[in-house]
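# Output the structure for:
(2 chains)
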Amino acid sequence: MQRILNDPDNIVDEMLEGFVKTHGDIVKTTSHPRVIAAVSAPTEGKVGVVTGGGSGHKPAFIGYIGKNMCDAAAVGEICSSPTAQAFLEAFKAADGGAGVACLYGNYSGDNMNVKMAVKMAKKEGLTVKTVVANDDVASAPKETPEKRRGVAGEILMWKCGGAKAAKGGSLDEVIAAAQKAIDHTRSIGIGLSPCTLPAVGHPNFEIKDGTMEVGIGHHGEPGIEVCPLETAAQMAERMVNVVLPDYPFVEGDEVVVLVSGLGATPVMELYVLYNEVEKLLSARGIKIHRSYVGNYFTSLDMMGATLTVMKLDDELRELIDMDCYTMGLKQI
Amino acid sequence: MALKNENGRGIMLSMVDAIHENKQYLGDIDGLIGDGDHGMNMNKGFMTYKERLGDDEVSFTEGLDDLGMILLNEIGGSMGPIYGTIFMDMAEAAEDEEEITLEIFGNMLEAGLNGLYDIVDARPGDKTLVDTLEPCVRCIKEAAAAGTDFKEALLKMKEAAETGRDSTKDMVAKYGRSSRLGERSRGVLDAGATSCCIILTAMADGMIAAID
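Numbers count the residues shown, from 1 in each chain, chains lettered A, B, ... in the order given. Just a heads-up that it's a prediction; the model follows:
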């Protein structure tokens, strides 16, 4: 393992220091070392939008703090949920008096810590409502959506929830918009190589040379199938064939497409993949309103990509199109 | 025969050292069907506790409470709230006691298990640390009712912990990250059940030494 590191146990804290130094026009530190907030937070009268999760997914989660997206984020250890205390402090940092929407991904640790934090917040008179992202179609069957993980679709949930809050939506309206966004979203990942936790020093799962894992999770959770490495066109077809029928997305639908790298795949290859995805969607009469290609939600140094598709309606189109200014997403 | 609550330091350090020694092993087990961070996060929390304890004496219940607070407030993940709740609820069940009898220890373990049940849906058979903890609670409660010698009961509890841990090997995970694997989780020990066995075994060893 050849990495840019000091003591691997301090990597999260040192990363946070560097991040705030770089993006001081967007974010600030708070009284809690594992909570980062927007420079403007809290905004009086606006619903606070909070997220949080384990580290190693840059730009997620702190990279989506900023104008018209999230107000604060709780930061965990690598691949490990933030503490309940950190979520609570993030709620407080985001609270402008109109309640807080906590929009996060479906992982057991995050569920437990958010649940405890919401209880603690209630005792302090702060109302927090939650939306749990579950866009990863490969992580559980369609019949058990409560078991599905949240992956890159979370970004579209933050985008829509954050925009709704910025437009003056009430807490219930923000929650409804974020829930609608994730309900209209489906994702799948393909992994080409495993990832290594810096403090562990070696990959903790295996993807053999010449193979790829379809449906892999953001922490290397095994997917639905291991198969020989394919061309970009074949990968795109495989991903599209899982994602489209699940929702289902059909001819005439207008969608947002997000192709995110998992960390170690060159961005060039992501555009090759997107090019194939676009051909497949166009051939099926699905109209792409907007697309995002890049390293939007990564898994340390894993090679591979996720494909996320969200179906738009008038409300979601307006929210997706709103301007925003964060480290991970800047839109005019 | 009873354990003086004030003699907690040796028990707590026995637990810390056991986790520290097994950091890599736990990470490797977790890596088979989880994400491989179990050993690292547990070690970080336990070592933080050891560092703060320094050379101080501590009672068993204070020690559990302090360790639980660190796991809950500083470590996070799944194991922070899970072990944090178990340790803090165990401590609360006996915080006013000067002497920990076998019966009181049974109540402590039971309080820990009930606290866990409040925050997770997992029950015996779901391939989680419940499969280690629950048989240990039963073992100590039964031993207390039967008037078993304290040390002998703790030795039995160590066996119950190992049997419980090993029982997870043939189970299919229903909760936590490995639950998404379904049948593919069979044949591998659950990392939480394994760390729980390590902790309870070290706790029993520390208690046996402290009873002398």
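
# ok, residue 93 - contacts?
Just so you know, I chose chain A. Each residue near residue A:93 by Cβ atoms under 8 Å, 6 or more residues apart in numbering or on different chains is listed here: A:30, A:32, A:35, A:37, A:41-42, A:48, A:71-72. (Each C-beta comes from the backbone N, C-alpha and C, glycine too.)

# wrong one, I was asking about chain B
Neighbour list for residue B:93: B:104, B:107-108, B:110-112 [criterion: Cβ under 8 Å, 6+ apart].

# Let me know the secondary structure of the nearest residue to it once chain neighbours are set aside.
Spatially, and ignoring its direct neighbours in sequence, residue B:93 is nearest to residue B:111 (3.7 Å; Cβ to Cβ, 6 or more residues apart in numbering or on different chains). Here residue B:111 is recorded as helix under DSSP: H, G, I helix; E, B strand; the rest coil.

# Just the C-alphas of stretch A:120-134, formatted as CSV.
C-alpha atoms of stretch A:120-134 as CSV (Å, rounded to 0.1, in the frame of the first residue of the first chain):
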residue,chain,number,x,y,z
MET,A,120,-31.7,13.4,22.2
ALA,A,121,-32.7,16.3,20.0
LYS,A,122,-36.3,15.9,20.9
LYS,A,123,-35.4,16.2,24.6
GLU,A,124,-33.8,19.5,23.8
GLY,A,125,-36.9,20.7,22.0
LEU,A,126,-35.5,20.3,18.4
THR,A,127,-37.7,18.6,15.8
VAL,A,128,-35.8,16.4,13.4
LYS,A,129,-37.4,14.3,10.7
THR,A,130,-35.6,11.8,8.6
VAL,A,131,-35.4,10.3,5.1
VAL,A,132,-33.4,7.1,4.6
ALA,A,133,-31.9,6.6,1.1
ASN,A,134,-32.3,3.1,-0.3
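
# which residue ranges form the strands in chain B?
Along chain B, counting by DSSP state E, strands occupy B:3-4, B:99-100.

# Give the other helices and strands that the last one contacts.
Which is strand B:99-100. In terms of contact count using 3 or more Cβ pairs under 8 Å, 6 or more residues apart in numbering or on different chains; DSSP states H and E, strand B:99-100 is assigned the packing partners strand B:3-4.

# Which secondary structure elements does the strand it packs on sit against?
Using 3+ Cβ pairs under 8 Å, 6+ apart, the elements in contact with strand B:3-4 are strand B:99-100, helix B:191-211.

# ok, now with 6 Å
helix B:191-211 (3 or more Cβ pairs under 6 Å, 6 or more residues apart in numbering or on different chains; DSSP states H and E).

# buried ones in the helix it packs on?
B:191-208, B:210-211 (16 or more other Cβ atoms under 10 Å in any protein chain shown).

# That helix: how far from the chain's middle?
Distance of helix B:191-211 from its chain centroid, counting by Cα atoms, centre = their mean, to the nearest Å, is 7 Å.

# Go ahead and name everything in contact with it.
Identification of contacts with helix B:191-211 by Cβ atoms under 6 Å, 6 or more residues apart in numbering or on different chains yields B:3, B:7, B:10-11, B:14-15, B:18, B:22, B:26, B:29-30, B:34, B:38, B:42, B:128-129, B:131-133, B:136, B:151, B:154, B:157-158, B:161-162, B:165, B:168.

# which among the residues you listed end up buried?
Buried, going by 16+ other Cβ under 10 Å: B:3, B:7, B:10-11, B:14-15, B:18, B:22, B:26, B:29-30, B:34, B:38, B:42, B:128-129, B:131-133, B:136, B:151, B:154, B:157-158, B:161, B:165, B:168, out of the contacts of helix B:191-211.

# So which of the residues you listed belong to helices?
B:10-11, B:14-15, B:18, B:26, B:29-30, B:38, B:42, B:131-133, B:136, B:151, B:154, B:157-158, B:161, B:165 (DSSP state H).

# Settle this for me: residue B:31 is touching residue A:202, isn't it.
No: using Cβ atoms under 6 Å as the test, residue B:31 is too far from residue A:202 to be in contact (9.0 Å).

# So the two - more neighbours on which side?
The neighbour comparison of residue B:31 against residue A:202 (other Cβ atoms under 10 Å in any protein chain shown) goes to residue B:31, with 23 against 12.

# can you tell me the helix or strand for the closest residue to that one other than its chain neighbours?
Distances taken as Cβ to Cβ, 6+ apart place residue A:204 nearest to residue B:31, at 3.1 Å, with adjacent residues excluded. Assigned by DSSP states H and E, residue A:204 belongs to neither a helix nor a strand.

# Can you get me a residue count around residue A:204?
22.

# Can you report phi and psi for it?
Dihedral angles of residue A:204 (phi, psi; degrees, to the nearest 10) stand at phi -100, psi 10.

# coming back round to it: turn the strands of chain B into JSON lines, columns for mean pLDDT.
Below are the strands of chain B laid out as JSON lines (pLDDT from 0 to 100):
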{"stretch": "strand B:3-4", "mean pLDDT": "96"}
{"stretch": "strand B:99-100", "mean pLDDT": "96"}
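
# Contact residues of chain A facing chain B?
Counting by Cβ under 6 Å from any Cβ of the partner chain, chain A comes close to chain B at A:76, A:79-83, A:85, A:108-109, A:112-113, A:139, A:197, A:199-200, A:204, A:219, A:221-222.

# Cross those residues against helices and list the overlap.
Secondary structure from DSSP H places A:85, A:108-109, A:112-113 of the residues of chain A next to chain B in helices.

# ok, residue A:195 to residue B:31 distance?
Computed as Cβ to Cβ, to the nearest Å, the residue A:195 to residue B:31 distance reads 11 Å.

# For chain B, give me its nearest residue in chain A.
As assessed by Cβ to the nearest Cβ, chain B sits closest to residue A:204 within chain A, at 3.1 Å.

# That residue contacts residue B:30, doesn't it?
No: checked against Cβ under 6 Å, the pair residue A:204 and residue B:30 is beyond contact range at 7.5 Å.

# what's the helix or strand bottoming out on mean pLDDT in chain B packed up against?
Here the helix or strand of chain B ranked lowest by mean pLDDT, DSSP states H and E is helix B:23-33, holding a mean of 84. Judged by 3+ Cβ pairs under 6 Å, 6+ apart, the packing partners of helix B:23-33 are helix B:38-53, helix B:191-211.

# How much space separates residue B:70 from chain A?
Per Cβ to the nearest Cβ, to the nearest Å, residue B:70 is found 10 Å from chain A.

# is it true that that residue touches residue B:47?
No: between residue B:70 and residue B:47 there is no contact under Cβ under 6 Å: 9.8 Å.

# Compare those two and say which is more crowded by neighbours.
Counted by other Cβ under 10 Å, residue B:70 and residue B:47 do not tie: residue B:70 has more neighbours, with 22 against 16.

# how close does that one sit to residue B:49?
5 Å.

# what residues are shared contacts of those two?
Overlap of the contact sets of residue B:70 and residue B:49 (by Cβ under 6 Å, 6+ apart) is empty.

# Chain neighbours aside, what residue packs nearest to the residue of chain B positioned farthest from its centre?
The outermost residue of chain B relative to its centre, with distances by Cα atoms, centre = their mean, is residue B:183 at 26.6 Å. Once flanking residues are discounted, residue B:183 sits nearest to residue B:172: 6.1 Å by Cβ to Cβ, 6+ apart.

# Check the burial of the one you found by counting its neighbours.
16.

# got it, and residue A:172?
12.

# Next one, pLDDT for the nearest residue to it once chain neighbours are set aside please.
Of all residues not flanking residue A:172 in the chain, residue A:129 sits nearest, at 7.5 Å (Cβ to Cβ, 6+ apart). pLDDT for residue A:129: 98.

# wait, doesn't residue A:129 sit right on residue A:175?
Yes: contact criterion Cβ under 6 Å: residue A:129 and residue A:175 qualify, at 4.8 Å.

# Mutual contacts of the two, please.
Joint contacts of residue A:129 and residue A:175 (Cβ under 6 Å, 6+ apart) are residue A:101.

# if I pick residue A:220, what's in contact with it?
For residue A:220, the contacting residues are A:194-195, A:205, by Cβ under 6 Å, 6+ apart.

# Lovely, talk soon.
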